[in-house]
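Q: Fold the stuff below for me.
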Amino acid sequence: MAAKKAAANKPMTKTDILSSLAESTGLTKKEIGGVLEELGALIGSNLGKRGPGVFNVPGLMKVKVVRKPATKARKGINPFTKEETMFKAKPARNVVKIQPLKALKDMV
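A: As a prediction, the model looks like this:
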């Protein structure tokens with residue numbers, strides 16, 4: 001019993017998740033693994049260039065892509081040494097944001 005309590009303090013591994021879902025649903029680990037792979041592919045296609053850029057996992061979270069614009073190189077001052085430094089320019093990029101939904105917030 002002490003071993004299970006210690007294991008609860010660590011995050012679940014993929015194997016732990018597959019085993020837990022297989023026990024609770026009655027499906028095999030291979031079937032659960034296939035479902036998780038398809039879920040990942042579905043999220044990727046929705047967040048990709050041709051997708052809508054948003055994917056909802058009902059009751060848990062909303063995953064969306066936010067387009068960050070390019071930034072120019074700029075001068076800044078190091079607050080510790082009062083020395084002028086140059087911040088490099090950054091290209092435009094896509095950033096994935098995950099927003100928890102109410103049901104997930106209520107679980108915690």
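Q: rest of the way, CA atoms for contacts and neighbours
A: Noted.
Q: where does residue 75 fall, helix, sheet strand or coil?
A: Assigned by DSSP: H, G, I helix; E, B strand; the rest coil, the conformation of residue 75 is strand.
Q: okay but it is in contact with residue 89, surely?
A: No. Counting by Cα atoms under 8 Å, residue 89 is not a contact partner of residue 75; they are 10.6 Å apart.
Q: Check the offset of stretch 18-35 from the chain's centre.
A: 21 Å (Cα atoms, centre = their mean, to the nearest Å).
Q: Could you work out the end-to-end span of that stretch for me?
A: End-to-end distance for stretch 18-35, by Cα to Cα, to the nearest Å: 10 Å.
Q: how about low-confidence regions in the chain?
A: Scanning the chain for pLDDT under 70 picks out 1-8.
Q: Nearest the geometric middle of it, what residue?
A: residue 98 (6.1 Å; Cα atoms, centre = their mean).
Q: A strand includes it, no?
A: Yes. Membership of residue 98 in a strand is supported by three-state DSSP.
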